[in-house]
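# how does the following fold in three dimensions:
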Amino acid sequence: METVKLSEIVLKWYPDLIPFLRKTELERSIVLRDGMQILSPGDAMEIIHYSICDNQKNGYIH
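As a prediction, the model looks like this:
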């Protein structure tokens with residue numbers, strides 16, 4: 001098991017997304033069962049997507 005920040009995952013596979021993510025999203029801790037070395041780009045995008053959705057579920061729409 002390996003714990004990384006979401007920013008590490010984003011920087012490795014999708015650095016162009018950095019400007020679109022909030023600081024709180026980028027600082028979120030992610031636990032990877034098998035570590036970063038075998039994480040695929042598709043898995044990385046799924047983690048990023050889930051993190052954004054999870055962060056927004058507590059938001060309010062005005």
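# contacts, neighbours, all on C-alpha from now
Noted.
# so Ile9 touches Glu46, yeah?
No: Ile9 lies out of contact with Glu46 (Cα atoms under 8 Å); the separation is 10.9 Å.
# look at these two and report which has more neighbours.
Ile9 (21 against 12; other Cα atoms under 10 Å).
# count of neighbours near Pro19?
8.
# you'd agree it is in a helix?
Yes: checked against DSSP: H, G, I helix; E, B strand; the rest coil, Pro19 lies within a helix.
# my guess is Leu17 contacts Glu8. True?
No: taking Cα under 8 Å as the definition, Leu17 is not a contact partner of Glu8, at 11.9 Å.
# what about these two, which has more around it?
More crowded of Leu17 and Glu8, by other Cα under 10 Å: Glu8, with 16 against 12.
# which secondary structure element contains that one?
In this structure, Glu8 sits in helix 6-13 according to DSSP states H and E.
# same thing with Val31?
strand 29-32.
# give the buried residues for stretch 28-45.
Within stretch 28-45, the residues scored as buried using 16 or more other Cα atoms under 10 Å are 30, 36, 44.
# now do the contacts for the last one.
Applying Cα atoms under 8 Å, 6 or more residues apart in numbering, we find Ala44 in contact with 9-10, 13.
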